[in-house]
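Undergrad: Return atomic coordinates for the entry below.
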Amino acid sequence: MTAAAVHVVDHPLVQHKLTLLRQKDRSTNSFRRLLHEISMLMAYEVTRDMPTHPIEIETPLARMTSPVIDGKKTVFVSVMRAGAGLLDGMLDVVPGARVGHVGLYRDPKTLVAVEYYFKMPHDMQERDAIVLDPMLATGNSAVAAVERLKETGPRSIRYVCLLAAPEGLANFHAHHPDVPVFTAAVDERLDAHGYIVPGLGDAGDRLFGTK
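TA: Numbers count the residues shown, from 1 in each chain. From the prediction side, this is the model:
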């Protein structure tokens, strides 16, 4: 993976479901279901080069050597609270993964990320971290989350979001040029309030039915 890589998951199923997800009249239940489905589909791309190791198994006809992944070496890092919308789908695909949490909120005046919670599995030096947060807008929360995560020394880090803004990507890779970003779309811009345009609104509010 090259430095400052941005990988757009343009599979037709992902793009179709993203279009439905963007619609403003989408119910909370429908939004939650679609986000779950998209995260499962994106998991296949994010883990495409996940390392495997061979094991001996027995089929109904013969013994053979076949590859398996070590899910316990993967850590899904959910950026609270909207990251939970991506987490469940990812765990459906890699159920053996560990889960870490980063609690951040964006100061409405400065747009600076403020940490209020941080919990990771032990022995992060032996693990591959996949950070989950639906919206990469200003990039301030993403920068703060990965900066904090790097203190634990994981073997590798990837950042997964549903939507990204060009400004957020530039900010993120100015601080973390070594961390690839996986996203379903790179939208046009940010508005004056730091929201992605055309975007889909506030992912956390739409996911949990809050305002």
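Undergrad: going forward, measure contacts and count neighbours with C-alpha atoms only.
TA: Fine.
Undergrad: From D92, how far out is the residue nearest to G96 when sequence neighbours are not counted?
TA: Closest residue in space to G96, ignoring its immediate chain neighbours: G71 at 4.6 Å, by C-alpha to C-alpha, 6 or more residues apart in numbering. Distance of G71 to D92, computed by C-alpha to C-alpha, to the nearest Å: 12 Å.
Undergrad: burial count for the residue nearest to G96?
TA: Neighbours of G71 under the rule other C-alpha atoms under 10 Å: 19.
Undergrad: contacting residues around it?
TA: V94, P95, G96, A97, R98 (C-alpha atoms under 8 Å, 6 or more residues apart in numbering).
Undergrad: Next, work out how far apart the closest residue to T210 other than its chain neighbours and Y105 are.
TA: Nearest non-adjacent residue to T210, counting by C-alpha to C-alpha, 6+ apart: G204, 7.8 Å away. Distance, G204 to Y105, using C-alpha to C-alpha: 11 Å.
Undergrad: could you dump the helix of greatest length in the chain to CSV, C-alpha only?
TA: Using DSSP state H, we find that the single longest helix of the chain is helix 28-46. Extracted as CSV, the C-alpha positions of helix 28-46 are listed here (Å, rounded to 0.1, in the frame of the first residue of the first chain):
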residue,chain,number,x,y,z
THR,A,28,-33.7,5.1,10.9
ASN,A,29,-34.2,1.4,10.6
SER,A,30,-33.5,1.4,6.9
PHE,A,31,-30.4,3.6,7.3
ARG,A,32,-29.1,1.3,10.0
ARG,A,33,-29.7,-1.8,7.8
LEU,A,34,-28.1,-0.3,4.7
LEU,A,35,-25.0,0.9,6.7
HIS,A,36,-24.6,-2.6,8.1
GLU,A,37,-24.8,-4.1,4.6
ILE,A,38,-22.3,-1.6,3.2
SER,A,39,-19.8,-2.2,6.0
MET,A,40,-20.0,-6.0,5.3
LEU,A,41,-19.2,-5.4,1.6
MET,A,42,-16.4,-2.9,2.4
ALA,A,43,-14.9,-5.5,4.7
TYR,A,44,-13.9,-7.7,1.8
GLU,A,45,-11.9,-4.9,0.2
VAL,A,46,-10.3,-3.7,3.4
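Undergrad: Mind listing what's buried along it?
TA: The neighbour-count check on helix 28-46 (16 or more other C-alpha atoms under 10 Å) flags 31-43, 46 as buried.
Undergrad: Out of those residues, which is nearest to Q125?
TA: V46 (19.7 Å; C-alpha to C-alpha).
Undergrad: Specify the local secondary structure of the nearest residue to that closest one once chain neighbours are set aside.
TA: Spatial nearest neighbour of V46, chain neighbours left out: F182 (6.9 Å); criterion: C-alpha to C-alpha, 6+ apart. F182 carries the three-state label strand when classified by DSSP: H, G, I helix; E, B strand; the rest coil.
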